[in-house]
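Student: pasting the sequence and the predicted coordinates here, then a few questions.
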Amino acid sequence: MRKPVIGANWKMNRGTPKEALEMIQDFKSNIKKTTSVDIIIFPPYTVLNTIFNTVKKTQIKVGAQNMYFEEKGAFTGEISPIFLKNIGCEYVILGHSERRDIFQETDEIINKKLKKALFISLNPIVCIGEHLEKREAGKTKEIILNQFMNTFKDLTKEEIRKTIIAYEPIWAIGTGKTATPEQAEEIHHYIRELLENNYDRDTAQSVRIQYGGSIKPNNAEDLFRKENIDGGLVGGASLQAESLFEIVKAAQATLK
Ligand code: PEP
């Protein structure tokens, strides 16, 4: 049984302590009793500490939206994974499509970051997904296969088991256009097949694969009910306490 995981990717929003606290205190009071869902907030770096101190004694975890693959040195503007660990981050998002498209991050760079995160025991969520033109050209699986082989290159069985994969069709991110549960499940199933072919059945069954792309309270449960979808990475709807809470409840409902 894989535990569903909900990631709240705030992107470049709620970056002041006031804005961050407004949301997280509300959300925290909703999550009163322990749920069987892993919940991770990915706020901007400027409020990582604020969020960490607020959720410290709860089941809510904190993660960073990115990191560099070196630990320290002359890398102006980059963030060290060690610094992140030291302020309480347990997770990191790697290879988000906004990093790939806007900041030209390649599979090779993401692979280096992934190996470093695993090396220092920072739990990675790695995003893969296709652009609309590729889907329309019938090339979704080809894109996923390439990203899978290059991003996870040389990862051991133990390492891939510690990795969460987020399937995020790029045409669904921030567009309000969600993949149907069937469209998402088809690719999640395919990713699990790739895991089985490249590792083994046991490993494939243990890796969590989240869906991401315009998840909202009204579509979350149908997505999470699919066999190979283990929760979601949520952008827009994670900025409000109530909608994030509803999405956590949807994941919880699929456990029965
Ligand atoms: C994301 O940024 O990972 C994401 C899925 O965003 P949204 O939910 O807004 O589509």
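Tutor: Noted; the coordinates are in hand.
Student: can we go C-alpha only for contacts and neighbour counts from here?
Tutor: Noted.
Student: buried sites along the host helix or strand of K141?
Tutor: Using DSSP states H and E, K141 sits in helix 140-151. For helix 140-151, a neighbour-count test (16 or more other C-alpha atoms under 10 Å) marks T140, K141, I143, I144, L145, Q147, F148, N150, T151 as buried.
Student: wait, the fourth one touches I128, no?
Tutor: Yes: assessed by C-alpha atoms under 8 Å, I144 is found in contact with I128 at 6.7 Å.
Student: wait, is A8 part of a helix?
Tutor: No: counting by DSSP: H, G, I helix; E, B strand; the rest coil, A8 is not part of a helix but strand.
Student: now for it: which residues touch it?
Tutor: For A8, the contacting residues are I39, I40, I41, F42, P43, L233, V234, G235, S238, L239, L244, by C-alpha atoms under 8 Å, 6 or more residues apart in numbering.
Student: near the ligand too, which of these?
Tutor: Among the contacts of A8, the ones lying near the ligand by C-alpha under 6 Å from any ligand atom are L233, V234, G235.
Student: identify the bridge partners of the second one.
Tutor: What it means is V234. Applying DSSP bridges to V234 yields these beta-bridge partners: A8.
Student: got the contact list for it?
Tutor: V234 is in contact with I6, G7, A8, N9, G212, G213, S214, I215, counting by C-alpha under 8 Å, 6+ apart.
Student: mind putting those residues in a markdown table, distance to V55 included?
Tutor: Converted to a markdown table, these look like this (distance: C-alpha to C-alpha, whole Å):
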| residue | distance to V55 |
| --- | --- |
| I6 | 15 |
| G7 | 15 |
| A8 | 14 |
| N9 | 16 |
| G212 | 24 |
| G213 | 26 |
| S214 | 25 |
| I215 | 23 |
